[in-house]
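In: Provide a 3D model corresponding to the input given below.
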Amino acid sequence: MLVKTRGIVLNFIKFRESSIIVRIYTEELGLQSYVVNSVRKKGSASRIALFQPFTLLEMVVYPSAKGGLTRISEYKCYYPFSTVPYDIRKSSILLFLSEVVARTVREEEENRPLFGFLHDSMLYFDQQKAGFEDFHLVFLVQLASYLGFGISSADEVISQVAFETGGSNFLGTSLMQIQRLEPFLQDLLQKGAAAHLPNGKVRRELLHLLVKYFQLHVDQLGEIKSLAVLSEVLNEP
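Out: Purely as a prediction, here's the structure:
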């Protein structure tokens, strides 16, 4: 029986000569993996573009056994991004966030609140012309709640990371330097996108702090490879 659903592309890997295996977080079925044939052939550039990070798709899919590969019967993009593909800062942020979501969201069952959060966040982000420098930080804070380890206070994050690292080996800083991030993180928790973060250095350190917090709570999360790319792209003073 075919299932009609919306989906959010997370990532894909090459498969055989011209195909891919794509991981998509779906509204009806949770996280699923699909084989898509003939999207890497010459002249298929527009089709492979539909499987870039966080592309929003309408699909008709074949259901699968838990954890198994299946196929997509029909698919189309229902919301083409208007700003993300043309702004390297935005595309780098989405590359990073798609890697985080792909490594942390693992449930193969319907979770409409989580799907709604991911979906609405992408629409909001694409529509922002300016003032999106803190979007990825706010996103991580909110995502933590959907994953079951929501942040109640900045002190909670600082204490856990400091305990795990022994107050050192976190960006090469001392415990005192880590604690200096607390008021900025608390402001972020309370005000979200309206928080005032003074400069790029604080943003980068908060980003590394939140990634470390995720690594403490998600088994085998490992290294987020796109973190270095994002840090470089957003390397403002």
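In: So the closest residue to R89 other than its chain neighbours versus L207, what's the distance?
Out: Sequence neighbours aside, V233 is the residue nearest to R89 in space, at 5.9 Å (criterion: CB to CB, 6 or more residues apart in numbering). The way it works is simple: take the backbone N, C-alpha and C, and place the C-beta from them, glycine included. Computed as CB to CB, to the nearest Å, the V233 to L207 distance reads 12 Å.
In: Comparing these two, which residue is more hemmed in?
Out: Applying other CB atoms under 10 Å to V233 and L207 shows that L207 carries more neighbours, namely 20 against 17.
In: Let me know the helix or strand that the more buried one is in.
Out: According to DSSP states H and E, L207 maps onto helix 200-217.
In: for that helix, packing partners?
Out: Counting contacts by 3 or more CB pairs under 8 Å, 6 or more residues apart in numbering; DSSP states H and E, helix 200-217 packs against helix 88-104, helix 135-146, helix 154-165, helix 182-191, helix 226-233.
In: Tabulate these in CSV, adding columns for mean pLDDT.
Out: Formatted as CSV, the helices and strands packed on helix 200-217 follow (pLDDT from 0 to 100):
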stretch, mean pLDDT
helix 88-104, 95
helix 135-146, 97
helix 154-165, 85
helix 182-191, 94
helix 226-233, 88
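In: any chance of the ones you listed in JSON lines, plus distance to V60?
Out: JSON lines is the format used below for those (distance: least, CB to CB, whole Å):
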{"stretch": "helix 88-104", "distance to V60": "23"}
{"stretch": "helix 135-146", "distance to V60": "27"}
{"stretch": "helix 154-165", "distance to V60": "42"}
{"stretch": "helix 182-191", "distance to V60": "40"}
{"stretch": "helix 226-233", "distance to V60": "31"}
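In: For the chain, which residues score under the pLDDT cut-off?
Out: Counting by pLDDT under 70, the ranges of the chain that qualify are 43-46, 67, 165-176, 236-237.
In: okay, now the domains of it?
Out: 3-77, 84-233 (automatic domain parsing).
In: Let me see the contact set for the most centrally placed residue in the chain.
Out: For the chain, the residue nearest the mean C-alpha position is L97 (2.3 Å; CA atoms, centre = their mean). Neighbouring residues of L97 by CB atoms under 8 Å, 6 or more residues apart in numbering: 53-54, 136, 139-140.
In: Over to Y75?
Out: Contacts of Y75 by CB under 8 Å, 6+ apart are 50, 57-60.
In: Give the pairing partners of the lengthiest strand in the chain; include direction for each.
Out: The residue-count maximum for a strand in the chain (DSSP state E) belongs to strand 3-15. Sheet pairing of strand 3-15 (DSSP bridges) gives strand 19-26 (antiparallel), strand 56-61 (antiparallel).
In: Tell me the buried residues in that strand?
Out: 3, 5-12, 15 (16 or more other CB atoms under 10 Å).
In: Equivalent analysis for stretch 205-223, please.
Out: 205-215, 218.
In: Could you do stretch 156-165 as well?
Out: Neighbour-count burial for stretch 156-165 [16+ other CB under 10 Å]: 157-158, 160-162, 165.
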